[in-house]
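**Q** Would you be able to build a 3D model of this:
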Amino acid sequence: MRTRTLAAMGAVLALALGTGRAANDDTFDLRGPAAQKGQVFVTKGKMVIKDADTTMTIGGMDISLKMNLTVNSEEEVKVLAMKGRDVTKCQVKVLKEEAVVSGTLMGMDLPEMTEPGELNKETIISEKVDGKWKHSLVDTKPTDKQKKELDNRNGLENDDDLYPADKVKVGHKWTVDAAALQKMLGNSFTDVKGKVNQVFTKTEELNGETVAVIESATKITGKMKDDGEPTVDVEMDLKITTWKSIKTGIAVKEKFSGKIKLEGKVDMDGQKVQMKMSGPITGESTTAQK
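**A** Model (predicted):
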């Protein structure tokens, strides 16, 4: 009896230790299934740039300061139409969109300012027409500023280009062109260049479901639009961790950290200002299906 009990305990222990880990021969579809008409997703995100070295040239005078920027967002997206694996029409409720700015100038703390986004609390209908997204506000006509923000948006895109087409094992490594990030970055970024090196490190349990954990590293360059024009050069050096649901294909959680560098002309109260900014950047997001 003692021998049998010990053997049973050993089996249970081995099972417990193996929970959430893939067997060596297990393969997984990292792209997952396509979205379905009627599905609703809620995504919450936060991005932070802290103590960034910033220089602004105004009226021929250089002003140097340390700047902090926090962007908070929350959106509810409903899939309205599909074609194959692609969403062709969706509704987006912008539940929260704000930027919090603070800084230090000549050793003095500047007052913190919170600025809601132009589309904060709006509901948007997005439809892909001839391969391009068109956006409109529900029951209202956009202001000029809102129209520019709508022009810079993407719709709900799949992330197939970032992942292998075939099933792969834990430990699989691959590289994709950074242009695959264009869909994720939105139309406010153009001319994205670089490589994304990725590793499928493990599976684990998260909120009651099995997820694939993917570690990525990338150095990318591109241009960012300000006031509708690509006037700002961008460099980013990032490390990204993605938790992707095996069952649904949704990236249910994501974190990133690294460095960002911006340089170019930005619009400040109708005045074009030359700006340089460099510093650490971090971010996180979660996506849940309602």
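
**Q** Could you say which helix or strand holds the residue nearest to residue 142 when sequence neighbours are not counted?
**A** Nearest residue to residue 142 in three dimensions, chain neighbours excluded: residue 150, at 6.0 Å (CB to CB, 6 or more residues apart in numbering). For every residue, glycine as well, the C-beta is placed using N, CA and C. Residue 150 is located in helix 144-151, with elements delineated by DSSP states H and E.

**Q** List the buried residues in that helix.
**A** 146-150 (16 or more other CB atoms under 10 Å).

**Q** Then stretch 257-269?
**A** For stretch 257-269, using 16+ other CB under 10 Å, the buried residues are 258, 260-262, 264, 266.

**Q** now swap in stretch 268-276 and tell me
**A** 273, 275-276.

**Q** Using CSV, lay out these together with secondary structure and distance to residue 34.
**A** Shown next, in CSV, are these (DSSP: H, G, I helix; E, B strand; the rest coil; distance: CB to CB, whole Å):
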residue, secondary structure, distance to residue 34
273, strand, 44
275, strand, 41
276, strand, 42
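
**Q** quick one: least confident of the residues you listed?
**A** Among the buried residues of stretch 268-276, residue 273 has the lowest pLDDT, at 87.

**Q** partner residues bridging it?
**A** Residues in a beta bridge with residue 273, per DSSP bridges, are residue 266.

**Q** Now flag whichever of the buried residues of stretch 268-276 is closest to residue 38.
**A** residue 275 (43.8 Å; CB to CB).

**Q** residues touching that closest one, list them.
**A** By CB atoms under 8 Å, 6 or more residues apart in numbering, the contact list for residue 275 reads 54-57, 232, 262-266.

**Q** Dump these into TSV; add pLDDT and secondary structure as well.
**A** TSV is the format used below for the contacts of residue 275 (pLDDT from 0 to 100; DSSP: H, G, I helix; E, B strand; the rest coil):
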residue	pLDDT	secondary structure
54	95	strand
55	95	strand
56	91	strand
57	90	strand
232	90	strand
262	93	strand
263	93	strand
264	91	strand
265	87	strand
266	83	strand
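
**Q** what would those look like in CSV with distance to residue 35?
**A** What follows is those, written out as CSV (distance: CB to CB, whole Å):
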residue, distance to residue 35
54, 39
55, 43
56, 42
57, 45
232, 32
262, 33
263, 37
264, 35
265, 38
266, 35
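
**Q** Nearest to residue 179 among those?
**A** residue 232 (18.7 Å).

**Q** count of neighbours near residue 76?
**A** 15 (other CB atoms under 10 Å).

**Q** and the gap between it and residue 61?
**A** Using CB to CB, to the nearest Å, we find residue 76 at a distance of 45 Å from residue 61.

**Q** ok, now residue 175?
**A** Between residue 175 and residue 61 the distance is 45 Å, computed by CB to CB.

**Q** From the neighbour counts alone, determine which of the two ranks first.
**A** Comparing residue 175 with residue 61 by other CB under 10 Å, the one with more neighbours is residue 175, at 11 against 7.

**Q** I figured that one was touching residue 198, is that so?
**A** Yes: counting by CB atoms under 8 Å, residue 198 is a contact partner of residue 175 at 7.1 Å.

**Q** Looks to me like residue 90 is in a helix.
**A** No: membership of residue 90 in a helix is not supported by DSSP: H, G, I helix; E, B strand; the rest coil, which gives strand.

**Q** what's near enough to touch it?
**A** Neighbouring residues of residue 90 by CB under 8 Å, 6+ apart: 77-81, 125-126, 155-156.
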